[in-house]
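Enquirer: Okay, predicted coordinates and the sequence, questions at the end:
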Amino acid sequence: MPEGDTVWHTAAVLRDALVGKALTRCDIRVPRYASVDLAGQSVDEVCSRGKHLFIRVGQVSIHSHLKMDGSWRVSRGPLDHRVRILLEAGQGRDAVRVLGIDLGVLELLDRHRDQDAVAHLGPDLLAEDWDPRVAAANLMADPRRGLAETLLDQRVVAGIGNVYCNELCFVIGRRPSAPVGSITDPQRLAVRAREMLWANRSRWSRCTTGDTRRGRQLWVYGRGGQPCRRCGTPIESAEAAGRVAFWCPSCQR
């Protein structure tokens, strides 16, 4: 599931593949941009902000959001109907092909104003300008609001998805439905959130337990009915607003 760490890692992979190379092919399979051809222009930068990704080419910024099922891949594989954009760059042994697949958002922006698209976001957990004090203040802006609802609001902090939301609730000992005002140290929660994403930013297999063995990486997410790794109590789950929450009824108040 794409969350802030996945997008950060994706940007790093695309940066290595594209930056400094001139595009030799640009095929955007979105009707609004079907006639746009950026071939001949060099890729200057690839960066992420929360769950948003930007590829800056000339005066244009290719802005994408993966949503639930999207991905960017450096691949020579066959093309199918899921490909929304194809970029080829470089020559000879340095040639690469990048595919944007099932992207939830794909648009072209003025590169000098592309950050307007993410101006509504809270502090980016993986950004250099990260400020835990601002994040903590945002978290506590509405103390009666549910903890999970608050963590998932990208206007509060940017980068947390449902996996990290559930894992954070577990490690601080609160149920996802608890009011965010029950948190005694919101800045510590903000710092823990950044630590989780930072530790996973350079790998595809996400781990929050410290045990990277298969099936041992997560505390509660996706483990409904299985024993809690701390106390053995069966993990409970419930669906609300299209998302599934997981928690230990013994470890989480």
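Expert: The structure has been received and is ready for your questions.

Enquirer: from here on, contacts and neighbour counts on C-alpha atoms
Expert: OK.

Enquirer: tell me the SS of Arg155?
Expert: coil (DSSP: H, G, I helix; E, B strand; the rest coil).

Enquirer: So which bits of stretch 213-222 are buried?
Expert: Judged by neighbour count using 16 or more other C-alpha atoms under 10 Å, the buried positions of stretch 213-222 are Gln217, Leu218, Trp219, Val220, Tyr221, Gly222.

Enquirer: cool, and stretch 100-114?
Expert: Gly100, Ile101, Asp102, Leu103, Leu106, Leu108, Leu109, Asp110, Arg111, Asp114.

Enquirer: before we move on, back to that, tabulate the buried residues of stretch 213-222 in a markdown table, adding columns for distance to Ala199 and pLDDT.
Expert: Shown next, in a markdown table, are those (distance: C-alpha to C-alpha, whole Å; pLDDT from 0 to 100):
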| residue | distance to Ala199 | pLDDT |
| --- | --- | --- |
| Gln217 | 12 | 97 |
| Leu218 | 13 | 98 |
| Trp219 | 16 | 98 |
| Val220 | 18 | 98 |
| Tyr221 | 17 | 97 |
| Gly222 | 20 | 96 |
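
Enquirer: ok so, going back, out of the buried residues of stretch 100-114, which is nearest to Ile160?
Expert: Nearest to Ile160 among these, counting by C-alpha to C-alpha, is Leu103 at 18.6 Å.

Enquirer: How about the contacts made by the closest one?
Expert: Ser64, His65, Leu66, Lys67, Asp69, Gly70, Ser71, Arg84 (C-alpha atoms under 8 Å, 6 or more residues apart in numbering).

Enquirer: Of the residues you listed, which belong to strands?
Expert: The strands, defined by DSSP state E, take in Ser64, His65, Ser71, Arg84 from the contacts of Leu103.

Enquirer: quick one: which of the buried residues of stretch 213-222 sit in helices?
Expert: Counting by DSSP state H, no part of the buried residues of stretch 213-222 is found in helices.

Enquirer: Go through those residues and say which is closest to Ser205.
Expert: Among the buried residues of stretch 213-222, and counting by C-alpha to C-alpha, the member closest to Ser205 is Gln217, at 8.4 Å.

Enquirer: distance of the closest residue to the closest one other than its chain neighbours from Gln91?
Expert: Distance criterion C-alpha to C-alpha, 6 or more residues apart in numbering; nearest residue to Gln217, sequence neighbours excluded, is Cys207 at 4.4 Å. Per C-alpha to C-alpha, to the nearest Å, Cys207 is found 37 Å from Gln91.

Enquirer: and what of Gly224?
Expert: Distance from Gly224 to Gln91, by C-alpha to C-alpha: 50 Å.

Enquirer: So, low pLDDT: which residues of this protein?
Expert: For the chain, applying pLDDT under 70 flags the ranges 1.

Enquirer: Break it into its domains for me.
Expert: 4-118, 132-247 (the TED database).

Enquirer: Looking at Cys207 and Gln91, which has the bigger crowd around it?
Expert: Taking neighbours as other C-alpha atoms under 10 Å, Cys207 and Gln91 compare with Cys207 leading, 22 against 12.

Enquirer: Quick check, Glu239 in contact with Phe246.
Expert: No - between Glu239 and Phe246 there is no contact under C-alpha atoms under 8 Å: 9.0 Å.

Enquirer: If anything else comes up later, I'll come back, but that's it for now.
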